[in-house]
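1. Fold the following for me, if possible:
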Amino acid sequence: MFAALSAVLGSAWAAKPVHANPRHDYMLQCQGCHMADGSGSLGSVPDLRGRLGLFLEVEGGREFLIRVPGSAQSPLSNSELAKVLNWMVREFGPSQVSARFAPFTAREIGRHRRPLSEIEPLRQILMERIAKQQHK
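-> Numbering: from 1, shown residues only. A predicted model of the protein is given here:
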């Protein structure tokens, strides 16, 4: 009896939560570095607040968000990662999200999901593009 109960409970604990949602997935996969409020850690983990949506406005920005190691290497499925990124854009970048924002899709995630080898140089290029975009 004990063995059967242990097997049932063990498989229930090992199974992925049925009611997982993007906010919950962010908490489990991203919050450890980016913090609950998206503030990150000064000097090591970028602050997402008010900035994340800016990446959507420049060439290469969407792909960058998919390819940062935390995204590209997360255990989330492509569909789950798309939902998390869409949630993050709305949560941490609402003032930058334009009316033409097209939500990330599982297909798009699958097409670009491979980790970047050099994050900072590409991030710097994208930040320069964002600065130019803002001065137009």
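2. how about stretch 68-75: buried residues?
-> Along stretch 68-75, these residues count as buried under the neighbour rule (16 or more other C-beta atoms under 10 Å): V68, S71, A72, S74. C-beta here means a position set from N, CA and C on the backbone, and glycine is covered the same way.
3. Tell me which residues touch the third one, please.
-> Same thing as A72. The contact partners of A72, by C-beta atoms under 8 Å, 6 or more residues apart in numbering, come to I66, R113, R114, P115, L116.
4. Using TSV, please lay out these together with pLDDT, distance to G53 and secondary structure.
-> Conversion of these to TSV gives the following (pLDDT from 0 to 100; distance: C-beta to C-beta, whole Å; DSSP: H, G, I helix; E, B strand; the rest coil):
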residue	pLDDT	distance to G53	secondary structure
I66	97	15	helix
R113	97	21	coil
R114	96	23	coil
P115	95	23	coil
L116	95	20	coil
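5. Who wins on neighbours among those residues?
-> Looking at the contacts of A72 with neighbours defined as other C-beta atoms under 10 Å, the largest count falls to I66 at 23 neighbours.
6. Let's verify the closest residue to I130 other than its chain neighbours: helix, strand, or coil?
-> Among residues not flanking I130 along the chain, L54 sits closest, at 4.7 Å (C-beta to C-beta, 6 or more residues apart in numbering). At L54 the chain is in helix, as set by DSSP: H, G, I helix; E, B strand; the rest coil.
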